[in-house]
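Chemist: show me how the following folds:
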Amino acid sequence: MTTVADIVAYFDEQTPSVLAEPWDNVGLLIGRATNEVKSILTCLTLTPDVAREAIDREVDFIVSHHPILFRPVQKITTANAEGEMILDLIEAGIAVFSPHTRYDSAPLGINQQLAELLGLTNIQPLRPLTEDDATIGSGRYGRLPAAMPFDEFVDRVKTELHIPALSLAGAKKEAISTVAIACGSAGEFLKDAARAGCDLFITGEARFHTAFEAIELDIALLLAGHYQTERPAMENLAQRLKTALPDVNVLASNAETDPFDWRL
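Modeler: I've put the predicted structure just below:
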């Protein structure tokens, strides 16, 4: 029998809690550790639509990359959508776990997956966790096997991440050799990428002024979409959980969609 505690232990091993950013709300957010788990649903964001899908599919455990209860709450009632969703999940006996920045930075986490997908080599963390060990930390950067024309690499990003459109800012580069990546909304890693000597920094979204900062730092900035840089890794996670937990039915959410409607 697989329990909630067993799944939490799996994530503790694969995505150590030390990798979580101090501001984050990660780990088991709803649920009893002793409850049995026969089915798991993975998603990027736990919305009412995803919660309804989990209830309808009789799921026992949800892995939501983005945490619920991110900010302190004093009431959980049906007066707002999140409160009603949480009550529905509790009444259905569904546990909720969020790995968030732990999964972003894990050795086999989102940023590592993105770096490998885009063909980078000699991949290293942008922000090592400690000075003694430069192999563990946040973000990733690496080199292409050979320099690639800028537009050609941008096309590779669009193809691999299935992006209908993207935003470019910062320095204009003729060729790309070294690339940095930080999934989601991670413009604060731009300076780290510049210090590492990267030609290009990729993230999902960033503040308006980050574009001007990229010009000052002489680095190209590519915004590939928050959903696009993170959702595929939740589908990959479902496959890994299937292998790790053969007695559990693991599903990636079908109800989840990108909240943005892209127009070319």
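Chemist: which residue is nearest the centroid of the protein?
Modeler: Central residue of the chain (CA atoms, centre = their mean): Glu230, 4.1 Å from the mean position.
Chemist: pretty sure that one is touching Glu205, no?
Modeler: No. Look at Glu230 against Glu205 with CB atoms under 8 Å: they stay out of range, at 10.8 Å. Where you see a C-beta, it was placed from the backbone N, CA and C, and this is true even at glycine.
Chemist: what sits in contact with each of the two?
Modeler: With contacts taken as CB atoms under 8 Å, 6 or more residues apart in numbering, Glu230 and Glu205 have Gly184 as neighbours in common.
Chemist: coming back round to it: quick one: secondary structure of the residue nearest to the centre of the chain?
Modeler: Under DSSP: H, G, I helix; E, B strand; the rest coil, the three-state class of Glu230 is helix.
Chemist: distance check, it against Thr77.
Modeler: 30 Å (CB to CB, to the nearest Å).
Chemist: Ile68 too?
Modeler: Ile68 sits 15 Å away from Thr77, going by CB to CB.
Chemist: in the stretch 151-264 of the chain, which spans are strands?
Modeler: Secondary structure of the stretch 151-264 of the chain, counting by DSSP state E, counting those that start in this stretch: strands at 167-170, 175-185, 200-205, 220-223, 249-252.
Chemist: out of the ones you listed, which comes closest to Pro145?
Modeler: Among the strands of the stretch 151-264 of the chain, the nearest to Pro145 by CB to CB is strand 175-185 (9.8 Å).
Chemist: buried residues in that closest one?
Modeler: Within strand 175-185, the residues that count as buried by 16 or more other CB atoms under 10 Å are Ile176, Ser177, Thr178, Val179, Ala180, Ile181, Ala182, Cys183, Gly184.
Chemist: many thanks, I have nothing further to ask.
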